[in-house]
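1. Could you look at this predicted model? Sequence included:
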Amino acid sequence: EPKKKAAFGSVGRRIPYRILHVINQNGESLGNMHRAEALKLMDQHDLKLVLLRENVEPPVYRLMTGQQIHEEQLKRAEKKKGSPKPGMYGTVQKELSFSSAIAKNDLETKTKQIAQWIEKKYHVKVTIRQAK
């Protein structure tokens, strides 16, 4: 989905829809209105119109300050970073292998790594090779 590159759909004046459902900067619904009316409201309050949901009728836009847009982008980036990337069958599998003659510090480091992966809900596969 190449469209998902930007954190938001359209921000500002480029609005392809005639009728919009508008939400104010406090999260309260202002109802459906014509694009020109929404742009006038945006200019009066020195805010930006941000597309929230495009696949509903009419599309939902929210009036936001630059600060709110920035915070929302940071939240979305953090959420994206925290969720595991779907790999095979929708789960991520991590694999770690080490020798049975592993040094104590190395073993502790790898144990911490495994704990972090499990915390992120990854599937972990550990292979232990017998030392010569």
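-> It's in.
2. CA atoms for contacts and neighbours, from now on please.
-> Will do.
3. Run through this structure and note the low-pLDDT ranges.
-> 1-13, 82-90 (pLDDT under 70).
4. Do a quick rundown of the strands in it.
-> Taking DSSP state E to define them, one finds strands in the chain at 19-23, 29-34, 48-53, 60-64, 93-99, 123-129.
5. would you list those strands in a markdown table and tack on mean neighbour count and distance to residue 74?
-> As requested, the strands of the chain are exported to a markdown table (neighbours: other C-alpha atoms under 10 Å; distance: least, C-alpha to C-alpha, whole Å):
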| stretch | mean neighbour count | distance to residue 74 |
| --- | --- | --- |
| strand 19-23 | 22 | 21 |
| strand 29-34 | 14 | 24 |
| strand 48-53 | 21 | 15 |
| strand 60-64 | 24 | 15 |
| strand 93-99 | 13 | 27 |
| strand 123-129 | 12 | 28 |
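6. any chance of those strands in a markdown table, with distance to residue 71 too?
-> A markdown table is the format used below for those (distance: least, C-alpha to C-alpha, whole Å):
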| stretch | distance to residue 71 |
| --- | --- |
| strand 19-23 | 17 |
| strand 29-34 | 20 |
| strand 48-53 | 13 |
| strand 60-64 | 11 |
| strand 93-99 | 32 |
| strand 123-129 | 32 |
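7. Of those strands, which is nearest residue 105?
-> Proximity to residue 105, assessed across these by C-alpha to C-alpha, is greatest for strand 93-99 (12.8 Å).
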